[in-house]
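K.L.:
no sequence on this one, just coordinates:
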């Protein structure tokens, strides 16, 4: 047994760890993972409050995960439930009080809530012990619910959750709730920046940038794991890349409506002007205040570069956007970056952005079928895209499809 002083220190450390995460999706994953580790829980879920309902936002299950190949993630459906006293999570959100249940199949008849066994039946799983507690902000508002399932003993058998851990977990949940509120604010700022770009380019919708951000994070995780990059570094880079990828086209706010809202394809002259959105977007982040600024600069500038060197804008001055000496052809045109001259984050967002664009309907084209899109990405490996990033993309395809279901196309 770990003594209480060590457990308290661990809870304090966890609060500091989650406070460093800025992206809401990655934060929810981290909160759930660390709460499960602390309690030796086999599974768990997080619900985020949206008005008078709880949105099922994230789930983990070690038993079901072990049945999947190493590179695959657990796929789950998203849904919402009312905040009332009928479900366990809804009751916790409505009452603001934690509930510790030894076996959910043996609830007291006097309990106002019930447990829906249908999810167990579908998954072939048996839920027993459950600890559910609210995520409360410093204002006392319930912003979500954290539900932990099947605490395990030393032999891996399900046991009830320890009552003495509840006060520590309530403290962790309060820190988690405040972190969620900060992450929501960060996401809101990013979405407002993209709303400005959307005013110029109707294609730059909220779901599009959320998909590109999540695709990029998932592709990077697969790419990095194959290279044995330390998990802490992967986690940190996923957080940074997700936000940077969502800002990839923010420079379009500076391009004329005459061009961005044109109902059809661009002329060569118009296309040259449109290409400046990469440089203009990067200039928004030229003054570096954080790692996110640096990543946003890199992504905005490089997501239209090509592996074969035929992309844009090429090697340019950070402040002016003008081509650097020695990086223009005989006609004075920019020479694109080639191969690993293109930063990794730019190479990843390039394929995430193209995949989403091809899957989407545009004023000048219908959405491609998935088969057509995947064939295109394969054919462009070593041409438009880094072959190793293409490989990581295909290894991540199930996760990418799941992300699309969460943020569907219009």
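P.N.:
Alright, I've got the coordinates. This structure is a prediction, so every number in the text was calculated from the model and none was measured.
K.L.:
need the residues that contact the helix or strand hosting residue 399.
P.N.:
In this structure, residue 399 is located in helix 397-406 according to DSSP states H and E. If you take Cβ atoms under 8 Å, 6 or more residues apart in numbering as the criterion, helix 397-406 is touched by 72-73, 75-78, 211, 214-215, 218-219, 355, 359, 374, 393. Placement of C-beta: from N, CA and C, glycine included.
K.L.:
identify each buried residue in the helix or strand of the chain with the lowest mean pLDDT, please.
P.N.:
Every helix and strand in the chain was compared by mean pLDDT, DSSP states H and E; the lowest is helix 257-260, with a mean of 81. For helix 257-260, the neighbour count (16 or more other Cβ atoms under 10 Å) marks 259-260 as buried.
K.L.:
phi, psi for residue 327 please.
P.N.:
Reported as degrees, to the nearest 10, the phi and psi values for residue 327 are phi -120, psi 40.
K.L.:
residues in contact with it?
P.N.:
314-315, 334-335.
K.L.:
and residue 42, helix, strand or coil?
P.N.:
Per DSSP: H, G, I helix; E, B strand; the rest coil, the secondary structure class of residue 42 is strand.
K.L.:
quick check: the gap between it and residue 188.
P.N.:
Separation of residue 42 from residue 188 (Cβ to Cβ, to the nearest Å): 34 Å.
K.L.:
the more surrounded of the two?
P.N.:
Of the pair residue 42 and residue 188, residue 42 is the one with more neighbours under other Cβ atoms under 10 Å, namely 23 against 11.
K.L.:
show me how to select, in ChimeraX, the buried members of the contacts of residue 327.
P.N.:
Buried subset of the contacts of residue 327, written as a ChimeraX selection, criterion 16+ other Cβ under 10 Å:
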select :314,334,335
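K.L.:
inside helices: which ones of the contacts of residue 327?
P.N.:
For the contacts of residue 327, not one is inside helices, with DSSP state H as the criterion.
K.L.:
tell me which of the contacts of residue 327 has the lowest pLDDT.
P.N.:
Ranked by pLDDT, these bottom out at residue 334 (76).
K.L.:
and it, what does it touch?
P.N.:
Counted by Cβ under 8 Å, 6+ apart, residue 334 has contacts 312-316, 323, 327-328.
K.L.:
mind redoing it with 6 Å?
P.N.:
Neighbouring residues of residue 334 by Cβ atoms under 6 Å, 6 or more residues apart in numbering: 313-314, 323.
K.L.:
tell me where the model's unsure across the stretch 51-200 of the chain.
P.N.:
Scanning the stretch 51-200 of the chain for pLDDT under 70 picks out the ranges 71, 200.
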